[in-house]
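Colleague: What follows is a predicted structure for the sequence shown.
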Amino acid sequence: MAKKTFLKLANYKSASYSFKIHAQIEIAKNESNTKAIEPLILKFKKLMADGTNKKFEGELYYQMALLEAGRDSIERTISYLKKSLKSESTDANQKTYSYEKLGDFEFKRSNFLKAGSYYDSVLQINKNKQDSRIRIISRKYNNLANLIRLENLLKNNDSILRIVSLSKEDQKKFFENHIADLKAADQQRAQLALNSSTFGSSFSGGSAVQTNAKGKWYFYNTQLIAFGKAEFEKIWGTRPLEDNWRISDKTQLNTKTKDAEIVKDVNLAYELSAYLSAIPTKRIVLDSLTYFRNEALYETGIIYKEQFKNLSLAIGRLERLLTLNPASDLVLPTYYHLYQIFTELKSDQAEVYKNNIISKYPGSRFAQILLENKQLIPENKGSNIEALYRDIYNLYKENFYKEVVNQIDQLSPMLQESKLIAKFELLKAFAIGKYLSREAYKNALEFVSINYANLEEGIRAKELLKQIK
């Protein structure tokens with residue numbers, strides 16, 4: 001019915017041209033027959049070929065993207081969305097829809113960093129938190145924010161450690177190639193600015209639009225001025241307009257020295273020595289880079305496993321971690337998470353990690369649970385668990401710490417079927433910390449942080465462990 005209505009409106013002679021174009025778009029929105037998609041796309045392309053429809057280009061590209069998505073043509077969908085963004089006719093509101101769709105597509109393809117950057121673009125354009133759509137996108141971005149931070153840390157530390165591992169000669173070659181690429185990119189940008197300017201086109205016979213009616217001299221050209229300013233600040237930063245502007249510390253200035261002799265015009269981005277001198281060599285720095293790289297591998301592995309259910313990415317991160325001789329406190333939880341993943345995948349590899357836990361950590365609670373074949377995170381059952389928790393928590397507040405631990409242990413069979421099990425385990429860890437050894441407290445927290453990594457209690461336990469360390 002809707003399609004027929006819009007078809008009538010599109011053919012209505014007295015309707016405005018803009019009205020007819022939008023009627024065509026609405027027809028496409030309501031099209032469910034995949035066989036009709038190709039004719040509609042061809043029709044939109046024909047409309048765009050007509051110069052009078054330039055102001056509708058962004059909307060038409062966006063709708064073509066949705067049509068392609070309807071027949072699962074992902075690459076074409078993404079291509080049209082990007083064309084919609086580049087179109088001069090696309091307004092800010094339309095851009096938010098294109099960025100959102102791009103984010104959704106990249107998320108489905110597990111390109112989480114790209115997805116996050118697209119969602120962030122939406123939030124940069126529209127900051128209206130009262131808009132329900134923007135609130136949903138904000139939640140999507142916030143879910144990715146920690147992963148983005150960890151992935152960037154991982155990429156940065158991996159890059160530095162890789163360069164550190166190179167020989168002196170290979171380090172030199174690496175940065176020489178980097179500088180060459182940098183120079184080539186800068187020259188290309190400069191040439192593009194020159195080609196698009198009136199100054200450049202006046203000598204090449206081009207027909208670029210005049211940027212300033214006063215004349216063709218360099219300083220009448222706003223584009224070249226902007227480019228020159230950007231290049232200046234790239235080399236020198238922000239400098240006040242004064243004598244000896246190149247020297248930041250005027251106290252060292254010998255007034256008898258000529259300005260040309262004071263400082264050498266050097267772009268540090270092109271200086272090989274600047275890069276080589278920045279390579280870390282101190283053991284404490286390298287150990288820190290390695291530690292946080294390994295932590296990032298572990299945490300991203302858990303996020304991919306628990307939050308995004310992407311088991312292949314989780315396996316990649318966790319198995320790579322084990323090859324890097326990580327700190328001992330990361331090995332057991334990594335074994336355990338890999339055991340869980342391969343169990344879910346019904347892979348024989350699960351038995352390998354189970355045996356590693358039992359043989360290398362026989363005294364751990366995980367080994368005990370695996371030997372007894374217990375489930376660590378079962379489904380919720382039982383109606384009076386919350387009341388029991390409140391009673392035991394009151395015991396904790398009254399300093400009956402040993403009684404708290406004993407009661408939670410006695411309730412263990414019942415708690416195995418409760419979603420509140422993580423709360424009981426964290427409360428038990430707190431009680432242990434009040435009257436047993438520091439090591440016992442640490443072990444109890446480690447159990448909670450590993451087994452309930454994606455829950456509030458697991459995150460809290462992990463933060464407490466960091467404070468203890």
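Modeller: Arrived safely, thanks for sending. Owing to the predicted nature of the structure, the values given are computational and were not obtained by experimental measurement.
Colleague: Distance check, Arg76 against Asn325.
Modeller: 46 Å (CB to CB, to the nearest Å). C-betas here are computed from N, CA, C, even on glycine.
Colleague: Those two: which is more packed in?
Modeller: Arg76 (16 against 10; other CB atoms under 10 Å).
Colleague: Quick check: which element contains the closest residue to Thr343 other than its chain neighbours?
Modeller: The shortest distance from Thr343 to any non-neighbouring residue, by CB to CB, 6 or more residues apart in numbering, is to Ala350 (4.3 Å). Secondary structure from DSSP states H and E places Ala350 in helix 349-360.
Colleague: in that helix, what's buried?
Modeller: Buried residues in helix 349-360, counting neighbours by 16 or more other CB atoms under 10 Å, are found at 350, 353-354, 356-358.
Colleague: So which elements touch that helix?
Modeller: Helix 349-360 is packed against helix 328-344, helix 365-372, with contacts defined by 3 or more CB pairs under 8 Å, 6 or more residues apart in numbering; DSSP states H and E.
Colleague: Pull the distance from that helix to the chain's centre.
Modeller: Helix 349-360 has its C-alpha centroid displaced from the chain centroid by 33 Å (CA atoms, centre = their mean, to the nearest Å).
Colleague: coming back round to it: ranking the helices and strands packed on helix 349-360 by burial, who's on top?
Modeller: Mean neighbour count (mean count of other CB atoms under 10 Å) peaks for helix 328-344 among the helices and strands packed on helix 349-360, with a mean of 19.
Colleague: what sits up against that one?
Modeller: Residues outside helix 328-344 that contact it (CB atoms under 8 Å, 6 or more residues apart in numbering): 294-295, 298, 301-302, 305, 311, 314-315, 318-319, 321-322, 326, 348-350, 352-354, 356-357, 360-361, 364, 366, 370, 446, 449-451, 453.
Colleague: mind running it again at 7 Å?
Modeller: Outside helix 328-344, the residues that touch it by CB atoms under 7 Å, 6 or more residues apart in numbering are 294, 298, 301-302, 305, 311, 314-315, 318-319, 321-322, 349-350, 353-354, 356-357, 361, 364, 366, 450.
Colleague: Stretch 163-172 too?
Modeller: 174, 272, 276, 279-280, 286.
Colleague: Whichever helix or strand Leu395 is part of: which residues count as buried?
Modeller: For Leu395, the element it lies in under DSSP H and E is helix 385-397. Within helix 385-397, the residues that qualify as buried by neighbour count (16+ other CB under 10 Å) are 385, 388-389, 392, 395-396.
Colleague: Next up, the contacts around Leu324.
Modeller: By CB under 7 Å, 6+ apart, Leu324 lies in contact with Asn294.
Colleague: what about the helix or strand hosting Leu150, average pLDDT?
Modeller: Assigned by DSSP H and E, Leu150 belongs to helix 132-165. Averaged over helix 132-165, pLDDT sits at 92.
Colleague: buried set for it?
Modeller: 134, 137-138, 140-141, 143-144, 147-148, 150-151, 153-154, 157, 160, 163.
Colleague: Likewise for stretch 425-433?
Modeller: Within stretch 425-433, the residues that count as buried by 16+ other CB under 10 Å are 425-433.
Colleague: Kindly export that stretch (C-alpha atoms) in PDB.
Modeller: The C-alpha trace of stretch 425-433 is given here as PDB (Å, rounded to 0.1, in the frame of the first residue of the first chain):
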ATOM      1  CA  GLU A 425      32.300 -15.400  46.200                       C
ATOM      2  CA  LEU A 426      33.500 -11.700  46.400                       C
ATOM      3  CA  LEU A 427      32.000 -11.400  49.900                       C
ATOM      4  CA  LYS A 428      33.800 -14.600  50.900                       C
ATOM      5  CA  ALA A 429      37.100 -13.100  49.500                       C
ATOM      6  CA  PHE A 430      36.600  -9.900  51.600                       C
ATOM      7  CA  ALA A 431      36.000 -12.100  54.700                       C
ATOM      8  CA  ILE A 432      39.100 -14.100  54.000                       C
ATOM      9  CA  GLY A 433      41.100 -10.900  53.800                       C
END
